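Chemist: Test case, fold it:
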Amino acid sequence: MMKYLLNKKTIAVSSPFIPAITSAQTFRNAVGEVVKISDVVVPLLMSAALAWFIFGVVMFIQGSDNPEQRKKGKQRMLWGIIALFAMIAYLSLTSVVTQSFFGTNVFLPQLFTN
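Modeler: From the prediction side, this is the model:
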C-alpha cells in the first residue's frame with residue numbers, strides 16, 4: 001500500500017516538469033532544462049535548511065533550562081547542517097559534471113539577479 005501511495009506522490013510531484021524535459025531535442029537540452037529547474041529549487045531548499053538550523057539554535061538557546069527542549073534544538077541544528085551539506089554536495093557534483101561534460105561555467109545559485 002505504501003509503495004502505491006509513494007508512486008502516486010512521485011508522479012504528482014514530477015508531472016509538471018515532464019513537458020519541459022520531453023520537449024528537449026538532445027541530451028544537452030534535457031540537461032539544460034533540469035538545470036533551469038534546479039536553479040530555482042536549490043536556493044529555496046538551501047534557504048529552508050538555513051532557516052531550520054537557525055530555528056534549532058533559537059530553540060536551543062530558549063530551552064537552556066529544559067533538557068528536552070535543548071535536545072530538540074540540537075536535533076534541528078543537526079538536521080539543518082546535514083541538509084546544508086547535502087545541498088552544497090549537490091551543487092559541487094553538478095558543477096563538476098557540467099564543467100566536465102559540457103564545458104559550461106560553474107553554476108552558483110543566486111536568489112536575486114540584476
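Chemist: From now on I want contacts and neighbour counts done on CA atoms only, so please keep to that.
Modeler: Will do.
Chemist: Test my guess that I81 contacts F53.
Modeler: Yes. The pair I81 and F53 qualifies as a contact (C-alpha atoms under 8 Å) at a distance of 6.6 Å.
Chemist: Just want to know which of the two has more residues nearby.
Modeler: Summary of the neighbour comparison: I81 and F53, criterion other C-alpha atoms under 10 Å, with F53 having more neighbours (24 against 16).
Chemist: State the distance from the more buried one to D65.
Modeler: Counting by C-alpha to C-alpha, to the nearest Å, the gap between F53 and D65 amounts to 20 Å.
Chemist: got it, and S47?
Modeler: Taken as C-alpha to C-alpha, the span from S47 to D65 is 29 Å.
Chemist: okay, these two: which has more neighbours?
Modeler: More crowded of S47 and D65, by other C-alpha under 10 Å: S47, with 13 against 10.
Chemist: average pLDDT for stretch 52-70?
Modeler: Taken as a whole, stretch 52-70 has an average pLDDT of 91.
Chemist: how about that stretch: buried residues?
Modeler: By neighbour count, and taking 16 or more other C-alpha atoms under 10 Å as the criterion, the buried residues in stretch 52-70 are W52, F53, I54, F55, G56, V57, M59, F60, G63, Q69, R70.
Chemist: could I have it exported to PDB, CA atoms only?
Modeler: Extracted in PDB, the C-alpha atoms of stretch 52-70 (Å, rounded to 0.1, in the frame of the first residue of the first chain):
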ATOM      1  CA  TRP A  52      15.700  25.200  10.000                       C
ATOM      2  CA  PHE A  53      19.200  25.400  11.500                       C
ATOM      3  CA  ILE A  54      18.600  28.900  12.900                       C
ATOM      4  CA  PHE A  55      15.300  27.700  14.300                       C
ATOM      5  CA  GLY A  56      17.200  24.900  16.100                       C
ATOM      6  CA  VAL A  57      19.700  27.400  17.500                       C
ATOM      7  CA  VAL A  58      16.800  29.600  18.800                       C
ATOM      8  CA  MET A  59      15.100  26.500  20.400                       C
ATOM      9  CA  PHE A  60      18.400  25.500  22.000                       C
ATOM     10  CA  ILE A  61      19.000  28.900  23.500                       C
ATOM     11  CA  GLN A  62      15.400  29.400  24.700                       C
ATOM     12  CA  GLY A  63      15.300  26.000  26.300                       C
ATOM     13  CA  SER A  64      18.600  26.300  28.100                       C
ATOM     14  CA  ASP A  65      17.000  25.300  31.400                       C
ATOM     15  CA  ASN A  66      14.900  22.400  29.800                       C
ATOM     16  CA  PRO A  67      17.000  19.400  28.800                       C
ATOM     17  CA  GLU A  68      14.200  18.100  26.500                       C
ATOM     18  CA  GLN A  69      14.000  21.500  24.700                       C
ATOM     19  CA  ARG A  70      17.800  21.500  24.300                       C
END
